[in-house]
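K.L.:
Predicted model and sequence below, questions to follow.
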Amino acid sequence: MQKLYIVGPVASGKTTLAREIARLWGITATEGDGIIHGIDPTANGGNTKRPEAERDALLSEILARPSWILEDTGRAYFEAAWKQADAVVLLVPPLPMRLFRIVRRWIRQKMELETCLYKPTWWMLKMMFHWTRNFYNGKDTLVTRLQPYDNKLIRLRTKREIAAFLVKYEHEKR
């Protein structure tokens, strides 16, 4: 694998897995939010959408690299990355774990112990729960949209499956 797209709902562990694989590969992992949004402390949410041309240029630059890791919640915008990826990893940990992670992350962000591209407001916390509900009831259509890539889709649900995936990859890298 040289090109990896990691996808999953909010608080599924995408960034953590991307960082670990990036460490193994010796490359940088890119968060989809950072392509779509730029930090803007003057904006209500703490960020602003990038102009389309800037966003497209950032994605094109990443996809032109010989190897890359991109993680996102499954926005349709990133389908070009799904197509080019050697593998698409779908993270779907148990719902109680994700709900705990959402709250823990939000508290850590409020305490400025964890950085983020948005302001950790009550509205943002509410939206994270909303997006979580949309994933689990299928309203976000992510699982359906991933079906054409089933031949390269790796589904990981538990910490044990993730650990085995990392061990297998690390062993293959040697």
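P.N.:
In hand now; what should we look at?
K.L.:
Identify the residues contacting the helix or strand hosting residue 126?
P.N.:
Using DSSP states H and E, residue 126 maps to helix 122-136. By Cβ atoms under 8 Å, 6 or more residues apart in numbering, the residues outside helix 122-136 that reach it are 9-11, 45, 73, 95, 98-99, 102-103, 106, 118, 139-140, 142. Heads up, the C-betas are built off the backbone N, CA and C, glycines and all.
K.L.:
Pull out the buried residues from that helix.
P.N.:
For helix 122-136, the neighbour count (16 or more other Cβ atoms under 10 Å) marks 125, 128, 131, 132, 135 as buried.
K.L.:
which residues of the chain fall in strands?
P.N.:
3-7, 29-31, 37-39, 47-49, 68-72, 87-91, 153-156 (DSSP state E).
K.L.:
quick one: buried residues of the third one?
P.N.:
For strand 37-39, a neighbour-count test (16+ other Cβ under 10 Å) marks 37, 38 as buried.
K.L.:
out of the buried residues of helix 122-136, what pair is the most spread apart?
P.N.:
Across the buried residues of helix 122-136, no pair lies farther apart than 125 and 135, at 16.2 Å, counting by Cβ to Cβ.
K.L.:
Helices of the chain, residue ranges please.
P.N.:
Taking DSSP state H as the criterion, the chain contains helices spanning 14-25, 32-36, 52-63, 79-84, 95-110, 122-136, 142-146, 159-173.
K.L.:
Which of these sits closest to residue 152?
P.N.:
Comparing the helices of the chain against residue 152 with Cβ to Cβ, the closest turns out to be helix 79-84 (8.8 Å).
K.L.:
for this structure, which spans come out with low pLDDT?
P.N.:
Applying pLDDT under 70 to the predicted model, the residue ranges of the chain that meet it are 171-174.
K.L.:
related to what we said a few turns ago, looking at the helices of the chain, which is nearest to residue 5?
P.N.:
Checking those against residue 5 by Cβ to Cβ gives helix 79-84 as the closest, at 4.9 Å.
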